[in-house]
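>>> from the sequence below, what's the structure:
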Amino acid sequence: MRRRDRFLQTDTFITPLLLDEEKVFKDPVHRYVHVRYKVIWDLINSMEFQRLRRIRQLGTTHYTFHGAEHSRLNHSLGVYEVMRRMVSKLDLSEEEILLCLCSALLHDIGHGPFSHSFEKVFKTDHEQWTQRMIEGDTEVNEILRGISDDFPKKVSEVIGKTHPNQMIVSLITSQFDADRMDYLLRDAYYTGVNYGTFDMERILRLLRIVDDQVVIKHSGMHAIEDYLVSRYQMYWQVYFHPVTRSAEVILRKIFQRAKHLYQQQYAFLTDPVPMIPFFEEREVSIDQYLAFDESTLLYYIQQWCQEEDPIFADLCQRFLHRRLFKYVEFDPQQDYRTWTELQNLFREHGLDPDYYLEVDSPSDLPYDFYRIGQEEGEMMPILLEMPDGSLQELSTQSIIVKSITGKRRFDHKLYYPDDLISDEIRSRLGGK
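Have a look, this model is predicted:
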């Protein structure tokens, strides 16, 4: 696909061609996703973007909410559509619009299988991989270079939050962005809960640009309150659900055991070929990374159920057949003595605590903003445009938002295989 096939050259810039007719995707959340730029159509059809069909948006959440089978591609199209509606309300140049749309569409192409579980074990970063794919020898890079030779770099900078126009960055990555607005609505829809719903149409209608910042007209404050409360509820009722976290714990243990066995030169019945570069902690090529998706990983987990290593086979069977770990409330700072005792008890009863005992402590900060003299803040504040034209930080006007601002909440739980433990361990867990 050559540049002249997609773009018209003018004296000052390359004007992207429009499709002969607008393409429209049916979408269960936004009703329709509209595509009029050919560059967006080409990106959607690129190999790197289509791979997202094989990466679930919510990882192991389908073990808890069976409808949560939607993909990263599903979500990425939704973020693009939210961004398309956002930029239609703002006074931006055509290049800025394209930068926003391409960044929104491509922001997740670097996710690996089961995303965050994979990242924790193998110390990868999906944003860095997204940037590598955008700037590397890929179909996505070729398509973006059709706009200009430096356009892939600009998109990468937006993803990496280093682009000089921080207003554009904030549209895709902030406390109030196209990404969050889509995933809250989409994840609520597919999990079947009501927590993530909010009035996105009203919020978009009240967007403004003031002093190169995206702000909300003061009359939209209650819609923003609803958005932040919805986000808070989704994290604690869906994303941090203990059954989902149990499946994640087991998946991480599978990765850890596979890596350990490989380093011990264990003879796998089914060699983990796609994972070897990650096990060896050496440079992974873009092609190697792209070849590793959830369908590939699930094939290996299914095969590993027959492995001779009993721990490895057991973990894989648990994940495949949803025989998950049980859990109890457990604060590692307050219960550190109990933790050591439990580890010893597990060893005495022939259970390796490295694989069968895990403290999981997810946390969330619903809303925060940088304060002078503070080492770090969550993100830039959400600003309201007041009737007198002044800008006010949201929590100074909203009692609801003030009550959650800067308050990080943790959820500590201890996970263990209830079917393998003794009555002595079980009573110790119940009486800690």
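>>> mind listing the strands for the stretch 1-150 of the chain?
Counting by DSSP state E, counting those that start in this stretch, the stretch 1-150 of the chain has strands at residues 7-9, 14-16, 18-27, 31-37.
>>> so what touches the third one?
Strand 18-27 is touched from outside by 32-38, 41, 77-78, 81, with contacts defined as CB atoms under 8 Å, 6 or more residues apart in numbering. Quick note: C-beta positions are derived from backbone N, CA and C, even for glycine.
>>> of those, buried ones?
Among these, the ones that count as buried by 16 or more other CB atoms under 10 Å are 33, 35, 37-38, 41, 77-78, 81.
>>> in CSV: those residues, plus pLDDT.
Compiled in CSV, the buried ones among the contacts of strand 18-27 are given as follows (pLDDT from 0 to 100):
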residue, pLDDT
Val33, 98
Val35, 97
Tyr37, 96
Lys38, 95
Trp41, 97
Leu77, 98
Gly78, 98
Glu81, 98
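>>> got the buried residues for the longest helix seen in the chain?
If you go by DSSP state H, the chain has its longest helix at helix 242-263. If you call a residue buried by 16+ other CB under 10 Å, then helix 242-263 has these buried ones: 242-262.
>>> equivalent analysis for stretch 226-241, please.
Using 16+ other CB under 10 Å as the burial criterion, the residues of stretch 226-241 that qualify are 226-235, 238-241.
>>> all helices of the stretch 151-300 of the chain, in order?
Here the stretch 151-300 of the chain has its helices, by DSSP state H, counting those that start in this stretch, at 151-159, 166-172, 178-191, 200-205, 221-234, 242-263, 276-279, 286-290, 294-304.
>>> show me where pLDDT drops low in the stretch 1-150 of the chain?
Applying pLDDT under 70 to the stretch 1-150 of the chain flags residues 1-15.
>>> quick check, Phe151 in contact with Arg145.
Yes. In this structure, Phe151 is within contact of Arg145 by CB atoms under 8 Å, at 6.5 Å.
>>> which of these two has more neighbours?
Neighbours around Phe151 and Arg145, counted as other CB atoms under 10 Å, are more numerous at Phe151. The numbers are 21 against 14.
>>> residues touching the more buried one, list them.
Going by CB under 8 Å, 6+ apart, Phe151 touches 98-99, 102, 144-145.
>>> hang on, the earlier thing: for the strands of the stretch 1-150 of the chain, give me a markdown table that also has distance to Trp304.
Below are the strands of the stretch 1-150 of the chain laid out as a markdown table (distance: least, CB to CB, whole Å):
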| stretch | distance to Trp304 |
| --- | --- |
| strand 7-9 | 48 |
| strand 14-16 | 47 |
| strand 18-27 | 37 |
| strand 31-37 | 38 |
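>>> which of the ones you listed sits closest to Thr61?
Across these, Thr61 has its closest neighbour in strand 18-27 (19.8 Å, CB to CB).
>>> what lines up beside the closest one in the sheet?
Counting by DSSP bridges, the strands paired with strand 18-27 are strand 31-37 (antiparallel).
>>> okay, the angle between the longest helix of the chain and helix 294-304?
The directions of helix 242-263 and helix 294-304 differ by 70 degrees, with axes from the mean of the first three to the mean of the last three CA atoms, to 10 degrees as the criterion.
>>> tell me what helix 242-263 is packed against?
Packed against helix 242-263 by the contact rule (3 or more CB pairs under 8 Å, 6 or more residues apart in numbering; DSSP states H and E) you find helix 115-122, helix 276-279, helix 294-304, helix 310-321, strand 326-329, helix 353-356, strand 358-360, strand 413-416.
>>> what average pLDDT does the shortest one get?
In this case it means strand 358-360. Mean pLDDT, computed over strand 358-360, is 93.
>>> ok, now which ones touch the closest residue to Arg85 other than its chain neighbours?
Counting by CB to CB, 6 or more residues apart in numbering, Arg85 lies nearest to Leu204, which is 5.4 Å off, once chain neighbours are set aside. Going by CB under 8 Å, 6+ apart, Leu204 touches 82, 85-86, 89.
>>> now do the contacts for the residue lying closest to Lys413 once chain neighbours are set aside.
Excluding the flanking residues, the one nearest Lys413 by CB to CB, 6+ apart is Tyr327, at 4.5 Å. For Tyr327, the contacting residues are 242, 245-246, 413-416, by CB under 8 Å, 6+ apart.
>>> let me know whether Met275 touches Thr296 as I believe.
No. If you go by CB under 8 Å, Met275 and Thr296 don't touch, sitting 9.2 Å apart.
>>> same drill for those two, tell me which one is more crowded.
The residue with more neighbours, out of Met275 and Thr296, is Met275; 22 against 15, by other CB under 10 Å.
>>> show me how far the longest helix of the chain is from its chain's centre.
In terms of CA atoms, centre = their mean, to the nearest Å, the centre of helix 242-263 is found 19 Å from the chain centre.
>>> same question, stretch 156-165
Mean-position distance between stretch 156-165 and its chain equals 18 Å (CA atoms, centre = their mean).
>>> going forward can the numbers begin at 42, since that is how I track them
Right, with 42 as the first residue, what we last looked at is stretch 197-206.
>>> contacts for it, please.
137, 140-141, 144, 147-148, 168, 171-172, 175-176, 195, 209-210, 213-214, 253.
>>> list the buried residues in it.
By neighbour count with 16+ other CB under 10 Å, stretch 197-206 contains the buried residues 197-200, 204, 206.
>>> list just the nearest of those residues to Leu58.
Distances from those to Leu58 were compared by CB to CB; the smallest belongs to Val199, at 22.4 Å.
>>> the closest one and Gln207, how far apart?
Val199 sits 10 Å away from Gln207, going by CB to CB, to the nearest Å.
>>> shared neighbours, those two?
Common neighbours of Val199 and Gln207 (criterion: CB under 8 Å, 6+ apart): none identified.
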